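> My questions are about this predicted structure, shown below with the sequence.
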Protein chains: 2
Amino acid sequence: MHDQLDTIRDLAKKTDSKILMVVLDGVGGLPMTVNGDSELAAAQTPNLDALAAQSQLGQIELVGAGITPGSGPGHLSLFGYDPLRYVVGRGALSAVGIGVKLEAGDVAVRGNFATLGENRIVLDRRAGRPSDEKNADIVAQLRAALPSLDGTPVEIYTESEHRFVVVFRAAGGAPLGANLSDVDPQATGVQPMTAQAHDEASARTAALVNAFVARAEATLAAEPQVNGVLFRGYSDVPRFPSFAEAYGLRAACIASYPMYKGLASLVGMDVLAVEGHEDALDGKVQALTENWAKYDFFYFHVKKTDSTGEDGDFAAKVKKIELFDALLPQLLALNPDVLAIVGDHSTPSKLATHSWHPVPLLIRSEYGRRDVATRYTEDEAQKGSLGLRRGTDVMPLLMANALKLNKYGA
Amino acid sequence: MHDQLDTIRDLAKKTDSKILMVVLDGVGGLPMTVNGDSELAAAQTPNLDALAAQSQLGQIELVGAGITPGSGPGHLSLFGYDPLRYVVGRGALSAVGIGVKLEAGDVAVRGNFATLGENRIVLDRRAGRPSDEKNADIVAQLRAALPSLDGTPVEIYTESEHRFVVVFRAAGGAPLGANLSDVDPQATGVQPMTAQAHDEASARTAALVNAFVARAEATLAAEPQVNGVLFRGYSDVPRFPSFAEAYGLRAACIASYPMYKGLASLVGMDVLAVEGHEDALDGKVQALTENWAKYDFFYFHVKKTDSTGEDGDFAAKVKKIELFDALLPQLLALNPDVLAIVGDHSTPSKLATHSWHPVPLLIRSEYGRRDVATRYTEDEAQKGSLGLRRGTDVMPLLMANALKLNKYGA
């Protein structure tokens, strides 16, 4: 299938121009009452306002009409990969999110530690939510007991509390399938289930998973609380054309949360080190500034606009938007040839969760149409010259504005 | 092919929220002179105006740019079925429109009664437009003579004047194909044509059609005017994922004209009884109110906005819009969680026929963006927050606004 990405790859050319894509996670919002202000409209954003007055605005739908994107599909869409075609499972996201490099043919699996009672009955699907230290201790025991299974390399990683990740490596052999049933019964008072393959390529994976469960229970038999494992969500690894292949871009990721770094590495971005804790905006600006000369494309992620929306805290989300506004002059000082500000989905405080509403897109370049939109808000974006578009249109627009695309046809 | 409907089906969840979709048939219009008022703009609609001020507006293209939808494709698009993929032939539409339940493998055919002269020469392709009573009498003669053909059950239904419908039933046997040539020569002074199959599955259908023609002529030999049959338009029966399968919705249809009821039944809606004649708006409101508790989704059809447009009667169409406006408070009193007002196509009085112009869409829910559109008109819809979209986006948007869709991906 010749998709949009193939067309762009055929047209892409290398130039010295620089693109900065700022993703304000979950930035799109809603008014709390009919026709009231959204979070973006309520925020005092003098720098964003001044920028919007010189920019083109539009609205972006990440996956499709009415569809609420998870962060994975939302970002993939922004990066130009059709999220209905490039599906990254939770296991692969978790693995890459903690810095594990996956290869084609591997399978990554999300696990929960559980408490099992007599006759393997599940008493607690989260093993009493152990501390991260306890989690690491258990993972160390399992690593020692389970370096491989039946010749297949097995890697076990701690995530947090009751969560861990297992990677079964194809290691150059036949690819492992990821089409099998869960071990997690999603209920207490019953035994863990036996994984069953739904296709031939997954038969070996099912055998590995079931052997892992048995070996883990044997290894953890003396543990009072963390003595079982439940698996749910198996992912094989989609083959992504990298940013270098697809766009001819040397691309860098500036993010502080694991999943975003993982997504960026899946598409071949260099993940830059960021100093500081949590959103670490100062550390991100520092990383951007220090590496400005080295890359053509920067993905700059701001997380807290989403977290505050998820908390349903309208005022806090407004504050995080204003915090970004205060930082914006430092980004502008680098004078990117193309600057985009966009979200990976909406997270209205009113819903306290991701939503299907389009997100505002701002593009500043030398080559924009006159545009009546005067603020980076949902209302103004509706009037903008870029219209309502799919997320996969963003990268082609940025490449074009950076004069990095040849003409199509003669 | 994994299409939008599959994605929505995978995300749909059952909730208590209720969706009311009002289809104002052919409601989109045109000004009679450049920059004049359209029918919607000319109408006095205080209730619609008040509703629009609290709602989101946009424009809907049912099939594609420049494409004028028939009522079938227009409605299918609103119901979420890509009308370029789910093709319902005129024969099947006619059959379901008169209440005939079709099964996969059946073929429905539209017939005209004709007047044949010596040597089977077609003298009148509409048999002098017989009365409906005469039509019924002829159909009764054919039913008696043709209960089956070569073991295949044959059903014959009166439609009106010279029109009738024949259903050949697969009856559990091999599916009948619908890929064959017409009997209707579309000219007088020539003989009816012999149907010829264009593929293997249609060979049996062609034999049935030709046998039907011969048997009908023999049966009607003594009739002076209605003594021949012409077939044109063969339809097999597309397999639709039902509203229950696709959306998890218990859906009801409130319409009074056969074709709309037929379309709704094809997608698995319950067709509610409506008291009254013609458009029967009071009866429709009564049916809606009485059944409000029993369903999650209501399709509420208003026909006269189209008929008056088809008549080229601008003032009459304005009046029918105002008539709906007067009824609107009774719909609002039910307090649907999501209310949509939309058309299945435009029927501008200026053209006196269906047209390709987008139709205005209005959605009211708790979760709408601020929207500058203040009336349900073509002009205001252009400013609305929902943008210009395909008809198949309507159902996903309604499902999302009803909070009936899970997140896509993690």
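All right, it came through fine.

> residue ranges for the strands of the stretch 301-410 of chain A, please.
If you assign secondary structure with DSSP state E, counting those that start in this stretch, the strands in the stretch 301-410 of chain A sit at A:338-342, A:359-364, A:387-390.

> Which helix runs longest in chain A?
When chain A is parsed with DSSP state H, its longest helix is helix A:314-332.

> Just the residues contacting that helix, thanks.
Applying CB atoms under 8 Å, 6 or more residues apart in numbering or on different chains, the contact partners of helix A:314-332 are A:20, A:22, A:24, A:27, A:29, A:32, A:39-40, A:42-48, A:51, A:281, A:285, A:288-289, A:300, A:302, A:304-305, A:308-309, A:339, A:347, A:349-350. C-betas here are computed from N, CA, C, even on glycine.

> try 7 Å
Applying CB atoms under 7 Å, 6 or more residues apart in numbering or on different chains, the contact partners of helix A:314-332 are A:20, A:22, A:24, A:29, A:32, A:39-40, A:42-48, A:51, A:281, A:285, A:302, A:304-305, A:308-309, A:349.

> Now do it, average pLDDT.
Averaged over helix A:314-332, pLDDT sits at 98.

> Residue A:25 contacts residue A:303, doesn't it?
Yes - distance between residue A:25 and residue A:303: 5.1 Å, which falls inside the contact criterion (CB atoms under 7 Å).

> quick one, phi psi at residue A:114?
Taking degrees, to the nearest 10, you get phi -130, psi 160 for the backbone angles of residue A:114.

> Which helix or strand contains residue A:233?
strand A:228-236 (DSSP states H and E).

> buried set for stretch A:48-62?
For stretch A:48-62, a neighbour-count test (16 or more other CB atoms under 10 Å in any protein chain shown) marks A:48-52, A:55-62 as buried.

> In the stretch 51-200 of chain A, which residue sits closest to chain B?
Taking CB to the nearest CB as the measure, the point where the stretch 51-200 of chain A comes nearest chain B is residue A:66, at 3.0 Å.

> contacting residues around the closest residue to that residue other than its chain neighbours?
Sequence neighbours aside, residue B:396 is the residue nearest to residue A:66 in space, at 3.0 Å (criterion: CB to CB, 6 or more residues apart in numbering or on different chains). For residue B:396, the set of contacting residues under the criterion of CB under 7 Å, 6+ apart consists of A:64, A:65, A:66, A:67, B:8.

> Mind pulling the model confidence for residue B:396?
So, for residue B:396, pLDDT stands at 98.

> Roughly how far does it sit from residue B:104?
27 Å (CB to CB, to the nearest Å).

> and if you look at residue A:243?
Here residue A:243 is placed at a distance of 47 Å from residue B:104 (CB to CB).

> Of the two, give the one with the bigger neighbour count.
Legend: neighbour count by other CB atoms under 10 Å in any protein chain shown for residue A:243 and residue B:104, higher for residue A:243 (25 against 10).

> Pretty sure residue A:266 is one of the things the more buried one touches, is it not?
No - using CB under 7 Å, residue A:243 makes no contact with residue A:266, being 10.3 Å away.

> hang on, the earlier thing: would you check that the residue of the stretch 51-200 of chain A closest to chain B makes contact with residue B:399?
Yes - using CB under 7 Å, residue A:66 is in contact with residue B:399, at 5.8 Å.

> re earlier: from residue B:182, how far out is the residue nearest to residue A:66?
Residue B:396 is 38 Å from residue B:182, where distance means CB to CB.

> burial of residue A:22, as a residue count?
Residues lying near residue A:22 (other CB under 10 Å) number 23.

> and it, which of the three is it?
Taking DSSP: H, G, I helix; E, B strand; the rest coil as the rule, one finds residue A:22 in the strand state.

> and what of the one 10 residues further on?
Applying three-state DSSP to residue A:32 yields a three-state assignment of coil.

> Identify the residue spatially nearest to it, adjacent ones excluded.
residue A:350 (5.5 Å).

> now swap in residue A:204 and tell me
Nearest non-adjacent residue to residue A:204 (CB to CB, 6+ apart): residue A:176, at 6.1 Å.

> need the contact list for that neighbour.
With contact set as CB under 7 Å, 6+ apart, residue A:176 has these partners: A:105, A:106, A:107, A:168, A:170, A:204, A:205, A:236.

> ok, 10 Å please
A:105-108, A:152, A:167-170, A:201-206, A:208, A:234, A:236-237 (CB atoms under 10 Å, 6 or more residues apart in numbering or on different chains).

> And it, how far from residue A:327?
Distance from residue A:176 to residue A:327, counting by CB to CB: 44 Å.

> Can you confirm whether the worst-scoring helix or strand of chain A on mean pLDDT lies near chain B?
Lowest mean confidence among the helices and strands of chain A (mean pLDDT, DSSP states H and E): helix A:90-97, at a mean of 82. Yes - in terms of CB under 10 Å from any CB of the partner chain, part of helix A:90-97 sits within range of chain B, namely A:90, A:91, A:93, A:94.

> can you list the weak-confidence ranges in chain A?
Across chain A, the stretches falling below the confidence threshold (pLDDT under 70) are A:1-2.

> In it, mark out all the helices, start to finish.
Listed from the start of the chain, chain A has helices (DSSP H) covering A:4-11, A:39-42, A:46-53, A:71-78, A:90-97, A:132-145, A:203-219, A:243-247, A:258-266, A:281-290, A:304-310, A:314-332, A:378-383, A:394-401.

> near chain B, anything from the second one?
Yes - Helix A:39-42 is in contact with chain B by CB under 10 Å from any CB, via residue A:41.

> now for that helix, which elements pack on it?
For helix A:39-42, the packing partners by 3 or more CB pairs under 10 Å, 6 or more residues apart in numbering or on different chains; DSSP states H and E come out as helix A:304-310, helix A:314-332, helix A:378-383.

> make it 8 Å
Using 3 or more CB pairs under 8 Å, 6 or more residues apart in numbering or on different chains; DSSP states H and E as the contact criterion, the elements in contact with helix A:39-42 are helix A:314-332, helix A:378-383.

> now those helices in a markdown table, with mean neighbour count?
Shown next, in a markdown table, are those (neighbours: other CB atoms under 10 Å in any protein chain shown):
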| stretch | mean neighbour count |
| --- | --- |
| helix A:314-332 | 19 |
| helix A:378-383 | 22 |
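
> got the ones you listed as CSV, with distance to residue A:142 columns?
Compiled in CSV, the helices and strands packed on helix A:39-42 are given as follows (distance: least, CB to CB, whole Å):
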stretch, distance to residue A:142
helix A:314-332, 39
helix A:378-383, 48
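
> Out of those helices, which is closest to residue A:157?
Closest of these to residue A:157 is helix A:314-332, at 30.2 Å (criterion: CB to CB).

> Alpha carbons of that closest one, as PDB, please.
Included here for helix A:314-332 are C-alpha records, laid out as PDB according to Å, rounded to 0.1, in the frame of the first residue of the first chain:
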ATOM      1  CA  PHE A 314      -9.400  23.500  35.300                       C
ATOM      2  CA  ALA A 315      -7.400  26.200  37.300                       C
ATOM      3  CA  ALA A 316      -4.300  24.000  37.500                       C
ATOM      4  CA  LYS A 317      -4.400  23.300  33.700                       C
ATOM      5  CA  VAL A 318      -4.800  27.100  33.100                       C
ATOM      6  CA  LYS A 319      -1.600  27.600  35.200                       C
ATOM      7  CA  LYS A 320       0.400  25.000  33.300                       C
ATOM      8  CA  ILE A 321      -0.600  26.700  30.000                       C
ATOM      9  CA  GLU A 322       0.600  30.000  31.500                       C
ATOM     10  CA  LEU A 323       3.800  28.300  32.600                       C
ATOM     11  CA  PHE A 324       4.500  27.200  29.000                       C
ATOM     12  CA  ASP A 325       3.700  30.700  27.800                       C
ATOM     13  CA  ALA A 326       6.300  32.100  30.100                       C
ATOM     14  CA  LEU A 327       8.900  29.700  28.600                       C
ATOM     15  CA  LEU A 328       8.000  30.400  25.000                       C
ATOM     16  CA  PRO A 329      10.400  33.300  24.500                       C
ATOM     17  CA  GLN A 330      13.300  31.000  25.100                       C
ATOM     18  CA  LEU A 331      12.100  28.800  22.300                       C
ATOM     19  CA  LEU A 332      11.500  31.700  20.000                       C
END
